[in-house]
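A.B. asks: sequence first, then the predicted structure, then my questions.
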Amino acid sequence: MTPAPSSRRRAPTAGPDPSVPPAVLQRREARRTLPALDPDVLAAAGLTPLQVQQRVSAGLTNAVAHESSRSVLQILRANLFTLFNGVLGACLVVVLLVGDLRDALFGFIVAANAAIGVAQEYRAKRTLDRLAILHAPRARALRGGTVQELAVADVVHDDVLVLRAGDQVPADAVVLSAEGLDIDESLLSGESDAVGKLPGQEVLSGSAVVSGSGTARVHRAGVESYASQLTDEAKRFSLVNSEIRNAINRIILYITWALVPIIVLVVNGQMQAHGGWSQAISSGDWRLAVISAVASIVAMIPEGLVLLTSISFGLAAVTLARRQVLVQELPAVEGLARVDMVCLDKTGTLTEGSIVLAGHQLLTDAPPPGWDKALGWLGADDNANPTAASLRPAFPGTPAAAVTGQVPFSSARKWSAVTFAAPDGSGEAAAGTWLLGAPEILLDAEDAHHAGVLHRAGALAADGLRALVLVHAGAPATDGTHGRPHLPAERQPVALLTFTEKVRADAARTLAYFREQGVQLRVLSGDNPRTVAAVAREVGFENIGEGYDARNLPTDPDALAAVLEREQVFGRVTPEQKKAIVLALQRRGHVVAMTGDGVNDALALKHADIGIAMGSGAAATKAVSRLVLLDGQFSRMPGVVAEGRRVIANVERVANLFLTKTCYAVVISLVIGLLLWQYPFLPRQLSIVSSLTIGIPAFFLALLPNKRRYQPGFLRRCLLFSVPAGLIISACILAVYSYARAVPDPDLDAGAQLQAAQTATTGTVLLVALWVLGALARPFDRWRALLVAAMAAVLVLVLAVPFARAFFALQIPTGGLLAATMSVVVLGCAAIEILYRILSKRGAVSARE
């Protein structure tokens with residue numbers, strides 16, 4: 001018997017609707033062509049191979065594009081069709097039409113960057129997709145009279161699903177049979193109470209089986225299913241809150257708003273610098289003005305920032321995949337590095353997850369006959385949880401009497417039950433109701449005998465053993481009206497059973513790492529608090545007493561948060577309480593990670609900032625998690641945190657480089673536009689500046705090791721350094737350019753004078769920007785020092801080789817201009833060094849790792 005069905009509104013019935021997608025209409029039409037099925041035969045044996053093939057040919061499978069990574073089209077769109085690429089592409093076309101081909105160098109660099117981005121992200125996609133397919137959840141269906149395991153996508157219309165505890169329902173179906181079938185629809189509706197299902201009622205795709213078992217006939221699959229029509233969120237996940245992504249999106253937004261007025265100002269300024277619009281157009285100098293404007297626009301756009309961020313996330317995901325960690329959304333790598341509170345499930349996280357029966361104690365001299373056979377039945381049940389399943393070796397026999405009632409185990413109830421009919425005269429007796437569950441739930445502390453058993457169970461729990469009690473009752477464990485689970489009034493404790501779990505050898509070391517990193521830890525378990533506390537002490541928890549009984553937790557979020565700040569270990573936690581705990585911690589400003597493996601953890605995993613599922617966990621749990629530890633090794637977590645920190649710290653370095661360039665480019669454009677001066681750079685000169693001081697070094701800096709701890713305030717720190725640094729470089733450029741204009745070399749004509757001025761400003765920005773690179777690359781190791789030295793060597797090579805000087809239109813200045821340039825460079829580098837030292841003391845830039 002199961003509880004009455006929920007009155008909640010279900011998915012709308014099919015009907016003529018112009019808004020229905022064509023794919024759904026095609027499937028509905030295909031269903032009409034199928035031969036009718038005998039319901040009784042279908043329920044008994046499922047579909048035949050021929051019937052399955054008919055449905056596959058008609059396209060009535062459950063295949064839906066639910067990828068853990070972006071499609072190839074999305075990758076191409078994200079890397080090619082961006083606002084910045086559009087602006088740069090337009091600039092490239094202009095240069096190719098009216099300018100020197102050498103000034104189009106920036107376009108080829110942009111194309112190369114986009115190609116690298118596409119290639120790297122596609123490589124990451126292939127790795128992640130292969131891993132996702134390999135570890136994808138499976139479905140069970142009755143076909144040809146046997147239960148078969150299938151890929152979820154291979155389920156077809158009219159398949160008879162075999163549902164068991166922990167399964168995620170793969171398609172919308174109508175229940176054919178149910179044995180205590182309780183469905184959790186919270187991932188779809190947000191309602192936390194499990195819904196009992198009876199034959200004839202509907203189960204929806206994306207919901208999870210909490211307890212019990214049953215069969216159901218698929219009537220909507222694939223794009224027709226409820227979850228697919230609603231949102232992909234039910235079966236997958238919502239976007240991780242990524243500080244890096246949010247910050248970069250804000251930066252792009254600000255730059256986008258600024259581009260249009262600055263471009264107008266720059267174009268007008270360059271036309272005026274060439275004699276005004278009429279003069280420039282009539283003389284043909286408008287071409288030079290346009291090229292100068294292009295140089296200004298190209299300099300302002302941080303075109304590689306988004307690219308390198310995507311590459312960093314993608315390569316981190318590939319690295320973790322090799323370590324058996326499946327990243328279901330790339331920014332989750334960053335998210336775990338920001339976590340400051342980890343909520344741990346005991347079983348499968350701190351312990352290995354395999355449960356072994358340690359022993360049993362009879363609690364009466366004359367136990368009811370058949371008690372051992374009742375334990376054997378509870379252990380042999382197909383839907384037995386791991387604890388009950390561990391009874392099988394010790395209690396192999398089962399009663400011959402018929403089962404007249406059953407209550408499957410539920411994490412919320414914390415007990416299960418089975419009722420047997422009266423003996424048939426065969427000499428075997430196991431009549432009545434047998435309940436197995438938590439002593440403090442099944443026993444009454446007011447009863448003297450029960451209190452003694454509770455005391456013994458508490459002593460065992462304090463030794464780290466899990467204690468369950470077998471109870472016998474004459475009445476059924478369901479009420480007579482609706483069949484709801486109900487504890488019989490008279491309950492006789494029969495046996496106390498103890499179970500043990502092996503603590504993971506690496507658990508203590510892993511938790512010690514988190515403590516060293518300033519991450520707080522909370523253990524949330526459904527077990528007895530004293531059992532949980534004993535295990536917690538074994539892995540390094542201190543001053544935890546006997547653990548906190550979650551049945552005493554307040555419901556008020558603020559009061560709950562106060563308890564969570566004080567206590568570390570909690571027992572008898574229900575699934576709804578796990579969700580409430582996560583939300584309460586988030587209200588206090590914590591970034592929360594939650595680990596789990598059971599379907600009872602799914603709701604909390606979904607609401608956590610980072611949900612982490614074990615590879616052996618329930619399908620519903622893995623479906624809503626951000627990360628999956630495929631081999632179930634909790635010791636993988638420090639590596640994930642380290643990878644996240646590498647990404648955050650390196651992207652911050654790279655962002656500082658790009659934003660420094662954007663800042664000085666914007667300032668120069670504004671000043672030059674207002675003063676109506678000719679722009680002090682050619683596009684090709686800015687290409688060498690961007691390549692040597694930003695593009696090439698940023699690519700390598702984004703991939704190098706970095707162990708810096710995460711600190712909140714990514715965007716603020718970036719702006720604290722990049723804006724002053726950009727202003728310093730702007731001042732240096734304007735100082736040198738002003739000197740070149742104010743003190744012209746009498747030995748040079750106007751064209752050579754402009755080229756000398758452009759060379760001086762290019763050399764100034766190159767040298768000062770290389771100092772910025774050197775500051776941001778600290779602390780130096782062999783690779784970072786080599787990177788900065790290599791960029792400086794390339795600069796010397798460009799200035800020393802005549803062909804390179806001619807290509808980039810560089811003429812080394814002499815006399816007063818050279819002296820002024822070097823003086824300004826020294827002052828600029830000194831100013832950058834002072835800025836770096838001030839900010840490093842305030843923790844705004846990294847001085848150490």
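C.D. replies: Received, thanks. Numbers count the residues shown, from 1 in each chain.

A.B. asks: make it CA atoms for all contacts and neighbour counts henceforth
C.D. replies: OK.

A.B. asks: skipping adjacent residues, who's closest to residue 632 in space?
C.D. replies: Excluding the flanking residues, the one nearest residue 632 by Cα to Cα, 6 or more residues apart in numbering is residue 614, at 4.8 Å.

A.B. asks: can you pull the poorly scored residue ranges out of the stretch 701-849 of the chain?
C.D. replies: Along the stretch 701-849 of the chain, segments meeting pLDDT under 70 span 846-849.

A.B. asks: ok, the stretch 551-700 of the chain next?
C.D. replies: Residues of the stretch 551-700 of the chain meeting the criterion pLDDT under 70: 598-600, 618-620.

A.B. asks: okay, buried residues for the helix or strand harbouring residue 772 please.
C.D. replies: For residue 772, the element it lies in under DSSP states H and E is helix 750-776. Buried positions in helix 750-776, judged by neighbour count with 16 or more other Cα atoms under 10 Å: 753-776.

A.B. asks: helix/strand/coil for residue 383?
C.D. replies: coil (DSSP: H, G, I helix; E, B strand; the rest coil).

A.B. asks: ugh, wrong one, I meant residue 37
C.D. replies: Once three-state DSSP is applied, residue 37 turns out coil.

A.B. asks: that one and residue 146: what is the separation?
C.D. replies: Applying Cα to Cα, to the nearest Å, the value for residue 37 to residue 146 is 18 Å.

A.B. asks: now residue 753
C.D. replies: Distance, residue 753 to residue 146, by Cα to Cα: 88 Å.

A.B. asks: against residue 811, how distant is the closest residue to residue 574 other than its chain neighbours?
C.D. replies: Of all residues not flanking residue 574 in the chain, residue 412 sits nearest, at 5.2 Å (Cα to Cα, 6+ apart). To residue 811, residue 412 is 79 Å away according to Cα to Cα.

A.B. asks: now residue 288
C.D. replies: Distance, residue 288 to residue 811, by Cα to Cα: 19 Å.

A.B. asks: what does residue 504 give?
C.D. replies: Distance from residue 504 to residue 811, counting by Cα to Cα: 68 Å.

A.B. asks: just residue 182 next, same as before
C.D. replies: Relative to residue 811, and taking Cα to Cα, residue 182 is found at 80 Å.

A.B. asks: which one of these two is surrounded by more residues?
C.D. replies: Set residue 182 next to residue 811 and count neighbours by other Cα atoms under 10 Å: residue 182 wins out with 26 against 19.

A.B. asks: sec struct for that one, please.
C.D. replies: Look at residue 182: counting by three-state DSSP, its state is strand.

A.B. asks: hmm, residue 211 and it touching each other?
C.D. replies: Yes - using Cα atoms under 8 Å, residue 182 is in contact with residue 211, at 5.3 Å.

A.B. asks: now residue 349, nearest residue through space, not along the chain?
C.D. replies: residue 634 (6.1 Å).

A.B. asks: wasn't residue 200 part of a strand?
C.D. replies: No - assessed with three-state DSSP, residue 200 is coil; it does not lie in a strand.

A.B. asks: got the phi and psi for it?
C.D. replies: Dihedral pair for residue 200: phi 100, psi -20, per degrees, to the nearest 10.

A.B. asks: burial count for it?
C.D. replies: Residue 200: 14 neighbours (other Cα under 10 Å).

A.B. asks: OK, contacts around residue 485?
C.D. replies: Contacts of residue 485 were listed using Cα atoms under 8 Å, 6 or more residues apart in numbering, and they are 407, 477, 478, 479.

A.B. asks: pretty sure the second one sits against residue 486.
C.D. replies: Yes - with contact taken as Cα under 8 Å, residue 477 and residue 486 are classed as touching, separated by 5.0 Å.

A.B. asks: between those two, which is the more surrounded one?
C.D. replies: residue 477 (25 against 13).

A.B. asks: show me what contacts the more buried one?
C.D. replies: Residues near residue 477 by Cα under 8 Å, 6+ apart: 405, 406, 407, 417, 418, 419, 433, 485, 486, 487, 488.

A.B. asks: kindly reformat these as JSON lines and extend each row with pLDDT.
C.D. replies: Shown next, in JSON lines, are these (pLDDT from 0 to 100):
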{"residue": "405", "pLDDT": "85"}
{"residue": "406", "pLDDT": "86"}
{"residue": "407", "pLDDT": "86"}
{"residue": "417", "pLDDT": "91"}
{"residue": "418", "pLDDT": "91"}
{"residue": "419", "pLDDT": "91"}
{"residue": "433", "pLDDT": "92"}
{"residue": "485", "pLDDT": "85"}
{"residue": "486", "pLDDT": "86"}
{"residue": "487", "pLDDT": "90"}
{"residue": "488", "pLDDT": "90"}
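
A.B. asks: from the residues you listed, pick the one nearest residue 166.
C.D. replies: Distance to residue 166 across those (Cα to Cα) is lowest for residue 407, with 16.0 Å.

A.B. asks: what residues does whichever strand or helix holds residue 452 touch?
C.D. replies: Using DSSP H and E, residue 452 sits in helix 448-462. By Cα under 8 Å, 6+ apart, the surrounding residues in contact with helix 448-462 are 363, 439-440, 443-445, 466-468, 493, 496, 498, 528-531, 533-534, 546.

A.B. asks: give me that answer again for 6 Å
C.D. replies: Here helix 448-462 makes contact (Cα atoms under 6 Å, 6 or more residues apart in numbering) with 443, 444, 445, 467, 530, 531, 534.

A.B. asks: burial count for the closest residue to residue 396 other than its chain neighbours?
C.D. replies: Closest residue in space to residue 396, ignoring its immediate chain neighbours: residue 376 at 5.4 Å, by Cα to Cα, 6+ apart. Number of residues near residue 376 (other Cα under 10 Å) recorded here: 22.

A.B. asks: quick one, what contacts residue 791?
C.D. replies: residue 692.

A.B. asks: now do the helices in the stretch 651-800 of the chain.
C.D. replies: Along the stretch 651-800 of the chain, the segments classed as helices by DSSP state H, counting those that start in this stretch run 683-690, 696-701, 714-742, 750-776, 782-800.
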